[in-house]
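J.: Need coordinates for the following:
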Amino acid sequence: MVEKKEIEARLSHSFTGLSQGKLEKHSGKVRDWYSLDEERRLLVTTDRLSAFDRVVGAVPWKGQVLNELSAWWNRRTADIVDNHLLSVPDPNASVVKLASPLPVEVIVRGYITGVTSTALWYRYSQGERKIYGYSFPEGLKKNQKLPQPIITPTTKALPGFHDERLTIAEVTEKGYLQKGTWNRVMEVSLALFNRGSEIAANAGLILVDTKYEFGLARDGSVMLIDEIHTPDSSRFWKSKSYQERLDKGIEPELFDKEFVRLCYAEVGYRGDGELPLLPDSVWADTALLYQKAYELLTGDAFRPGSYPVESRLIANLAKEGIVV
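T.: Got it, this is the predicted structure:
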């Protein structure tokens with residue numbers, strides 16, 4: 001794991017993506033992608049960190065954690081569902097199979113938690129007991145485990161609204177997916193969540209909730225795309241101290257970007273208006289959390305790729321005949 005002083009030294013020039021090259025660049029919030037041909041796409045993870053549906057800062061080596069950890073998970077869940085990964089030519093880049101993204105994302109939740117206005121706990125704390133099509137009993141505590149994991153789908157069709165927007169029934173009622181495809185997505189999502197929970201438990205972590213994105217392969221089958229079970233796409237808590245902190249009403253020890261959200265919440269920000277400035281120590285501590293999550297889950301030491309990332313990445317891709 002990288003020393004905190006080295007992380008702080010990188011804060012002013014964290015990797016944010018490749019500059020202009022021979023391939024057309026498309027930028028998302030935390031990754032860029034390039035079409036290689038009719039069957040392959042190059043995904044490049046960056047150090048940008050998103051929260052509240054916007055980029056809020058940069059975390060050194062975060063992109064590498066996302067890229068390498070997601071590839072690690074893909075190899076350990078390939079028996080459940082086919083995924084888009086073809087190769088990992090660089091710590092920050094993956095070559096993937098093209099797929100047609102489904103118009104919904106799936107969030108699987110095992111606990112009632114969250115600080116934003118769309119979160120289960122926030123809505124429950126405001127008195128709601130019927131949330132996203134599920135009925136919740138009285139007397140639940142914040143961060144308490146749910147009787148069973150629940151699925152809350154969210155549409156990808158409305159820019160600016162990437163949180164839960166649909167009930168399970170509405171996915172088919174509104175024509176987003178055919179019933180057979182949606183049933184397969186739900187089946188796979190729960191199986192992935194169960195596998196992820198088992199692996200996390202063995203690492204001393206709790207998989208709290210997670211987002212899955214799927215696409216259709218050329219043969220029409222459901223394929224897992226995007227990242228899986230990273231500190232960006234999932235929430236992880238430390239299991240050893242969980243119950244004691246729950247009993248005391250203290251936030252769990254966590255290993256994901258919720259750390260940043262909670263730091264914003266502490267200064268009164270919950271997603272609307274201008275972002276307040278957070279000290280550099282927040283971003284450095286976030287980098288340590290990401291790397292620690294990687295090490296706990298994989299059992300391997302995190303080996304940071306060299307900076308500057310761009311020149312290294314270009315050289316590594318050239319070895320595979322990819323000119324960017």
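J.: alpha carbons only for contacts and neighbour counts from here, please
T.: Will do.
J.: What ranges does the chain have for its strands?
T.: 26-27, 31-35, 40-45, 48-51, 54-58, 85-90, 93-97, 100-112, 130-131, 134-135, 144-155, 205-216, 222-225, 234-238 (DSSP state E).
J.: how about JSON lines for these, with mean pLDDT added?
T.: Output for these, formatted as JSON lines (pLDDT from 0 to 100):
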{"stretch": "strand 26-27", "mean pLDDT": "88"}
{"stretch": "strand 31-35", "mean pLDDT": "94"}
{"stretch": "strand 40-45", "mean pLDDT": "96"}
{"stretch": "strand 48-51", "mean pLDDT": "92"}
{"stretch": "strand 54-58", "mean pLDDT": "91"}
{"stretch": "strand 85-90", "mean pLDDT": "97"}
{"stretch": "strand 93-97", "mean pLDDT": "97"}
{"stretch": "strand 100-112", "mean pLDDT": "95"}
{"stretch": "strand 130-131", "mean pLDDT": "93"}
{"stretch": "strand 134-135", "mean pLDDT": "94"}
{"stretch": "strand 144-155", "mean pLDDT": "94"}
{"stretch": "strand 205-216", "mean pLDDT": "97"}
{"stretch": "strand 222-225", "mean pLDDT": "98"}
{"stretch": "strand 234-238", "mean pLDDT": "97"}
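J.: Would you tell me which of these gets closest to Ala265?
T.: strand 48-51 (11.8 Å; Cα to Cα).
J.: Who does that closest one pair with, and is each partner parallel or antiparallel?
T.: strand 54-58 (antiparallel) (DSSP bridges).
J.: pull the longest helix from the protein.
T.: helix 179-202 (DSSP state H).
J.: got TSV for the strands of the chain, with mean neighbour count and distance to Pro304 too?
T.: Below are those laid out as TSV (neighbours: other Cα atoms under 10 Å; distance: least, Cα to Cα, whole Å):
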stretch	mean neighbour count	distance to Pro304
strand 26-27	12	23
strand 31-35	19	18
strand 40-45	23	14
strand 48-51	20	16
strand 54-58	17	16
strand 85-90	17	12
strand 93-97	23	14
strand 100-112	21	30
strand 130-131	14	42
strand 134-135	11	43
strand 144-155	17	34
strand 205-216	23	23
strand 222-225	24	25
strand 234-238	22	21
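J.: where in this structure is pLDDT low?
T.: Scanning the chain for pLDDT under 70 picks out 157-164.
J.: Report the separation between the most centrally placed residue in it and Tyr122.
T.: Nearest to the mean C-alpha position of the chain, counting by Cα atoms, centre = their mean, stands Ser233 at 1.3 Å. According to Cα to Cα, to the nearest Å, Ser233 and Tyr122 sit 20 Å apart.
J.: The strands of the chain: which one's closest to Thr118?
T.: strand 130-131 (9.8 Å).
J.: Strand partners (parallel or antiparallel) of the closest one?
T.: strand 134-135 (antiparallel).
J.: Distance from the partner strand to the middle of the chain?
T.: What separates the centre of strand 134-135 from the centre of its chain is 25 Å, taken as Cα atoms, centre = their mean, to the nearest Å.
J.: coming back round to it: show me what counts as buried in the longest helix of the chain.
T.: 181-182, 185-186, 188-190, 192-193, 195-197, 199-201 (16 or more other Cα atoms under 10 Å).
J.: With that, I have no additional questions.
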